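Asker: how would this look folded up:
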Amino acid sequence: MAKIDQVKEYIGALKVYLALITALLMGDISGTVKLYQSGMIDFIFWLGTITIVILSIIFMLLAKHMHKKINELKDLT
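Answerer: Predicted structure coming up:
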């Protein structure tokens with residue numbers, strides 16, 4: 001497999017991971033907001049809030065890595 005094809009496959013996999021993290025974030029945010037609206041500010045609420053922050057950081061790092069690989073792909077052509 002050529003280097004350019006390998007990088008393209010890697011970028012495709014990163015897109016799948018970003019989609020999964022986005023879905024997890026959407027579910028976590030909606031669940032945490034539902035807890036907040038019902039006034040149930042307890043351990044699960046704070047765990048959801050911390051998870052939102054962690055998933056957001058992972059999303060940003062993964063997106064940054066994907067853009068770096070896209071720039072590397074530009075150099076391979």
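
Asker: can you pull the buried residues of the helix or strand hosting residue 19?
Answerer: Using DSSP states H and E, residue 19 sits within helix 3-37. Neighbour-count burial for helix 3-37 flags 7, 8, 11, 14, 21, 25, 28, 29, 32, 35 (criterion: 16 or more other Cβ atoms under 10 Å). Any C-beta I mention is one placed from the backbone N, CA and C, and that applies to glycine too.

Asker: Find the nearest non-adjacent residue to the second one, please.
Answerer: Put plainly, it is residue 8. residue 73 (6.8 Å; Cβ to Cβ, 6 or more residues apart in numbering).

Asker: wait, doesn't the one you found sit right on residue 10?
Answerer: No - applying Cβ atoms under 8 Å, one finds residue 73 not in contact with residue 10, separated by 9.3 Å.

Asker: if you take the average position of this protein, which residue is closest to it?
Answerer: Nearest residue to the geometric centre of the chain (Cα atoms, centre = their mean): residue 59, 3.1 Å.

Asker: Do you know the pLDDT at that one?
Answerer: What the model reports for residue 59 is a pLDDT of 96.

Asker: For it, give me its contacts.
Answerer: Going by Cβ atoms under 8 Å, 6 or more residues apart in numbering, residue 59 touches 18, 21, 22, 25.

Asker: Tell me the spacing between it and residue 17.
Answerer: 9 Å (Cβ to Cβ, to the nearest Å).
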